[in-house]
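Q: Quick check, what structure comes out for this input:
(3 chains)
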Amino acid sequence: MTSTIDSGVAGPPPLKDDKLFADQDFRTSRRTSAAERPRVRTGGVSTELVTHVASAGLGALALVWLVYERLVPVTGTIGFWLVWYAVFIVMLAAVSATTLDRMAVTDRVVGALVTTAGMVMVSALAGIVVFTFVRGKGALSHSNFFHETMAYYGPDAGLDKGGIYAAMVGTFEMVAISMVISVPLGIATAVYLSEVRGRIARVVRVVVEAMTAVPTIVAGLFIYSMLIIELGQERSGFAASLALSVSMIPVVTTTAEVVLRLVPNGLREASLALGTTQWQTVRRVVLPTARPGLVTAVLLGVARIIGETSPVLLVAGSTNELNYDPFHGPQISLPLFVFTGMRQPLDVAISRAFGAGIVLLTLVVIFFALARIIGGRAPGHTSRRQQRRFARNARALTTTPGEQP
Amino acid sequence: MSTLTEGPPAPVPVRDRRVIKSRPTTSDRTFVAAARSAAVSTLVIMGLIGVFLAIGAWPAIKQQGFSFVTESQWLPEAGTFGISSLLWGTILVGLFALIVAVPVSFGAALFISEYAPRSIKKALVTIVDLMAAVPAVIYAIWALFFLQERLLSVAQWLSVHLSGLLPFLSVEVPDSPSSYTSSAFIAGVAVGFVVMPTMTSVMREVFSQAPTGEREGAIALGATRWGMIRSVVIPFGRAGIIGGIMLGLGRALGETIVVFAIISPMFEFTTHPLESGTNTIAAHIAIRYSESSGVALSGLLGAGLILFLFTLVINTFAGVVVSRSRSGAATEI
Amino acid sequence: MTTDTASDETRVDLDIDATTTIPQLTAGAPATLVAREVSAWFGNHQVLDNVDLTMAAGQVTALIGPSGCGKSTFLRILNRMHELVPGASLAGEILLDGQDIYDLDRRPIESRRRIGMVFQKANPFPTMSVHDNVLAGLRLTGRKTPGKNGAAELVERSLRSAGLWEEVKARLGTPGSSLSGGQQQRLCIARALAVRPDVLLMDEPCSALDPTSTRRVEETIRSIAGEVTVVIVTHNMQQAQRVSDNCAFFLAAEGQPGYIVEQGPTGELFENPRDERTSDYVNGRFG
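A: Next up, the predicted model:
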């Protein structure tokens, strides 16, 4: 981490073209390893930097420690470290100025600030995850948490009673129904935008863009007043799915459109030049080539809505009963379970809320990781399943068997 | 075969342009119709939302007239209600969110795109994206049980030491920590954490597109890393910075559950953001929807409509800024 | 997709082993392609002016000329790829064995099936194997693929015609994109040949290739001439001389539409150009 606040004087040029770098590294390492020559170090942490950072840090610590109680009578650790940080930055600048010129000192101070910002981001995420796990693991350690519901227990029941089964069922059904609505609609709209490019494409793009701006609470309020107040429907998981779809459709559409645009135009032309219709080209060339990206689009959409609380709060009602039927009667979802649990002044209820939070976080991470793994590939990258199919076909086809690259 | 065509102007009169049209095949006609109807239904959904909110809000706006935006109390049964205090609270929370999120996001984006060693860069990008995917309710529970406690001392320190200089930082009972709970300040900071990843990823995206040639040009002139960033990366990414901030602000204004969890609702103009009690439009809707009917519900729809228009304007502005800029042409936000 | 609309086209099973129809390929015969008074526009910008050119059956016709003179546009007009660019329009007619391909009653797909095209940049379908890439033209257009033996035979014949068989016969199942650049381009030629087109259009097929691959592609062009009419756009004078029977020299003044300065048998055009500009160009004095 400290290497990153090295001054630009000795550091490597911060090129961002990773591929270029990878190539160079590859060539260099092959040549040098052959010749066993020592390599010149162009980057890394200089001893001077370590000395400066360490002395500034310790000096600041000592100083703040000494005068903290007198000058800044703050209680609490946050205040202490805030003051320490300010002193550290000043001291780092002072210490660096002993060997560096003004430009290089600025460079180093900015480097320190920027690195801190990066660390704040990382530690915020880590803090949230760790905190949730620590507070929720008590609830998770009882297996009833996963297969029981709160139907027969009050919120003050012990952690060995009741659980989130109803909420998991609700989340699963709401997300599934939202997917059934949003995925075909979103991908077909993306196909319209990138393949058909009709007259209303501009308008549609602007409107989809605007749709991402609809606050989820407004989407919920819209479904609430239309479906429940005006049309007199009861609160249900289905109503929640409709509200969630309002958030999911634009995510799927915009991501899918980007992905479809990444399909090289040469492939479309090659296919059309073979005499295919546009539908055949889209179906057999464009969509298969973009498949990993489209899967990512769907998964990102799911990750977006699975944790939505406010629309569900408005239209799904809330219940402790287990309700498998998303079309009739209120349902509860995981985020709603977290929210209702955390607002109760009972330690067990709060623990259960944290436990449900862990489950929710895990689900989000799973969807997110899947999206990353699948979408991290270039368009047209062959999936493992495709590679197996290729290999199978190869065995069936090759006249001289056995040779596989 | 070996005819010779002389000179540029044609001796033969140039033929008329032809219509390049052909009967599309049935499958293509069906395909285009299906794709178009999907696109149209997206339009219809958005149209419905806008129209429905507008129609639903009409009775309240008609009853209250202009005082719907100037009235601060929300007493529908008494016939007086308005959104001015809600609007003010929304802005206040958004402001604190920006104060926290902008510097951190800007620094983190620079760190990831310019300073981080290549080995951890990818991991950092993933972490930021993952953080954006963490549900708001998780931020809410974390803010309520972890962040709030830690922030109380900060709020108290600010109030005790700086209120002389900046009177709006004062609270009524500065000695009691409970004066500082459930305030706009704490809600704003929590929302700041929610919008941080969004801002960071937009800014990082734009920074990483700064042309290599210009970077190398600056480095080759002997610029320090910060010198290069200041002269190449930041000018290049200026639109992305603004766009990212606006996008984050849009999210912050619409954030419901975090605010709902932290604040204690109040219908006054808080000029003391460190003091307990505030309200935002989004949280107000979530708190009041179930007990509202008739003109009160209409009022909520009106508040929702205004929130919607607010975020719409901000998002559109962000989109325009980013796409008009040199760096933003290829950026998706 | 909300609806599955492969209604009027025969659905093809992508699984190779499933289809067992007997090969019913119409044997392609080289056809003469005639361009008559062709002009072309992008929006209101005219890029071609009154081009007349006959591309004789079974021969190789090279289109030469400096960049921006409309050669590629002309080539794309020949199989209706031109109209894929928004705002593109044209005048005149393209006769394939006497029939206008832009006739309102003819679908572009019918013309494109008879007039194949190879692009500047090799573009094998990345989701298909080498084998499936060769058969893509049949599969994608929903025509019956020949049975397993017929398919194998067709793949081998097409790859042999493209001069690629010996190099890839052991790895027909690998993705098309795993081949080298030169191999990919020859795979695209094989893909275009597999549908037995009457005409094959090539848009600078060697511009992205190394000299060795270029030589292989040129050999391929020479060997398929006779079976199919070839029209090739090239920047390379030597290449035009090596591969073509006839040549057409395009030229465009700055901002003006392109036109044909001179056309004729390749030897004549290079040895004895009648126009001074042709002489200057083929001798490398400009362009």
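Q: three-state assignment of the residue sitting nearest the centre point of chain B?
A: Taking CA atoms, centre = their mean, the centroid of chain B lies closest to B:G250, which sits 2.4 Å from it. With DSSP: H, G, I helix; E, B strand; the rest coil as the basis, B:G250 sits in helix.
Q: Taking the stretch 101-250 of chain C, what residue is nearest to chain A?
A: Relative to chain A, the nearest point of the stretch 101-250 of chain C is C:G173 (2.2 Å; CB to the nearest CB). C-beta here means a position set from N, CA and C on the backbone, and glycine is covered the same way.
Q: Now do the same for that residue: its pLDDT.
A: Per-residue pLDDT puts C:G173 at 90.
Q: Hmm, C:V130 and it touching each other?
A: Yes - with contact defined as CB atoms under 8 Å, C:G173 reaches C:V130; the gap is 7.3 Å.
Q: And the two? Which one has more around it.
A: For C:G173 versus C:V130, neighbours defined as other CB atoms under 10 Å in any protein chain shown are more numerous around C:V130 (30 against 21).
Q: need the contact list for that one.
A: By CB atoms under 8 Å, 6 or more residues apart in numbering or on different chains, the contact set of C:V130 is C:P124, C:V168, C:R171, C:L172, C:G173, C:T174, C:P175, C:G176, C:L179, C:L187.
Q: most surrounded residue in those residues?
A: That'd be C:P124 among the contacts of C:V130, by other CB under 10 Å, with 28 neighbours.
Q: Quick check: closest non-adjacent residue to that one.
A: The shortest distance from C:P124 to any non-neighbouring residue, by CB to CB, 6 or more residues apart in numbering or on different chains, is to C:G176 (3.2 Å).
Q: Would you confirm that that neighbour contacts C:P126?
A: Yes - the pair C:G176 / C:P126 is scored as a contact, 6.8 Å apart, by CB under 8 Å.
Q: State the mean pLDDT of whichever strand or helix holds C:A151.
A: Assigned by DSSP states H and E, C:A151 belongs to helix C:148-161. The average of the pLDDT scores along helix C:148-161 is 88.
Q: same check, this time on stretch B:23-43
A: 90.
Q: how far does that stretch sit from the chain's center?
A: 33 Å (CA atoms, centre = their mean, to the nearest Å).
Q: Stretch B:171-179 now?
A: For stretch B:171-179, the distance to the chain centre is 32 Å (CA atoms, centre = their mean).
Q: in that stretch, what counts as buried?
A: B:V171, B:P174, B:S179 (16 or more other CB atoms under 10 Å in any protein chain shown).
Q: mind listing what the first one touches?
A: What it means is B:V171. Each residue near B:V171 by CB under 8 Å, 6+ apart is listed here: B:S159, B:S163, B:S179, B:Y180, B:H272, B:L274, B:E275, B:S276.
Q: tell me which element it falls in.
A: Under DSSP H and E, no helix or strand contains B:V171.
Q: before we move on, the earlier item: distance of the residue nearest to C:P124 from C:H131?
A: Distance, C:G176 to C:H131, using CB to CB, to the nearest Å: 9 Å.
Q: ok, stretch A:83-92 near chain B or not?
A: No - residues of stretch A:83-92 contacting chain B under CB under 8 Å from any CB of the partner chain: none, with a closest distance of 9.8 Å.
Q: quick one: average confidence on that stretch?
A: Computed over stretch A:83-92, the mean pLDDT rounds to 87.
Q: before we move on, what about stretch A:305-322?
A: pLDDT averaged over stretch A:305-322 gives 88.
Q: buried sites along it?
A: Here stretch A:305-322 shows A:305-320, A:322 as buried, counting by 16+ other CB under 10 Å.
Q: filter those by proximity to chain B?
A: A:I306, A:G307, A:E308, A:T309, A:S310, A:L313, A:L314.
Q: Let's have these in TSV, adding secondary structure and distance to B:A132.
A: Shown next, in TSV, are these (DSSP: H, G, I helix; E, B strand; the rest coil; distance: CB to CB, whole Å):
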residue	secondary structure	distance to B:A132
A:I306	helix	14
A:G307	coil	11
A:E308	coil	14
A:T309	coil	16
A:S310	helix	18
A:L313	helix	22
A:L314	helix	24
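Q: What is the nearest of these to chain B?
A: A:G307 (2.2 Å).
Q: Next up, the contacts around that closest one.
A: A:G307 sits in contact with A:L334, A:P335, A:L360, A:V364, B:V134, B:P135, B:A136, B:V137, B:I138, where contact means CB under 8 Å, 6+ apart.
Q: Need the contact partners of the one helix or strand A:Q280 maps to.
A: Using DSSP H and E, A:Q280 maps to helix A:278-281. With contact meaning CB under 8 Å, 6+ apart, helix A:278-281 is reached by A:195, A:268, A:271-272, B:24-25, B:27-28, B:30-32, C:5-6, C:9, C:140-142.
Q: Repeat the analysis, applying 6 Å as the threshold.
A: A:R268, A:S271, A:L272, B:S27, B:D28, B:F31, C:L140 (CB atoms under 6 Å, 6 or more residues apart in numbering or on different chains).
Q: Would you mind confirming that C:A122 is in contact with C:Q185?
A: Yes - the pair C:A122 / C:Q185 is scored as a contact, 4.2 Å apart, by CB atoms under 6 Å.
Q: quick one: which of those two has more around it?
A: Legend: neighbour count by other CB under 10 Å for C:A122 and C:Q185, higher for C:Q185 (31 against 25).
Q: thinking again about what came up before, could I get the contacts of A:G307 in a markdown table, plus columns for distance to A:G118, pLDDT and neighbour count?
A: Shown next, in a markdown table, are the contacts of A:G307 (distance: CB to CB, whole Å; pLDDT from 0 to 100; neighbours: other CB atoms under 10 Å in any protein chain shown):
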| residue | distance to A:G118 | pLDDT | neighbour count |
| --- | --- | --- | --- |
| A:L334 | 31 | 94 | 27 |
| A:P335 | 29 | 94 | 27 |
| A:L360 | 26 | 94 | 27 |
| A:V364 | 22 | 91 | 20 |
| B:V134 | 18 | 92 | 26 |
| B:P135 | 23 | 92 | 25 |
| B:A136 | 23 | 92 | 26 |
| B:V137 | 26 | 94 | 30 |
| B:I138 | 21 | 95 | 26 |
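Q: Closest one of those residues to chain C?
A: Comparing those against chain C with CB to the nearest CB places A:V364 closest, at 28.1 Å.
Q: And the closest one, how far from C:P86?
A: Taking CB to CB, one finds A:V364 at 41 Å from C:P86.
Q: again with B:F269
A: 54 Å.
Q: who's more crowded, the two?
A: Taking neighbours as other CB under 10 Å, B:F269 and C:P86 compare with B:F269 leading, 14 against 8.
Q: Show the backbone phi and psi for the residue of the stretch 151-287 of chain C found nearest chain B.
A: Of all residues in the stretch 151-287 of chain C, C:G264 sits closest to chain B, at 4.0 Å by CB to the nearest CB. C:G264 adopts backbone torsions of phi 170, psi -180, taken as degrees, to the nearest 10.
Q: what sits opposite it in the beta ladder?
A: C:C247 (DSSP bridges).
Q: sorry, back to before: the residue nearest to the centre of chain B contacts B:L312, doesn't it?
A: No - judged on CB under 6 Å, B:G250 makes no contact with B:L312 at a distance of 8.5 Å.
Q: contacting residues around the residue nearest to C:P124?
A: C:G176 touches C:P124, C:M128, C:V130, C:N133, C:L187, counting by CB under 6 Å, 6+ apart.
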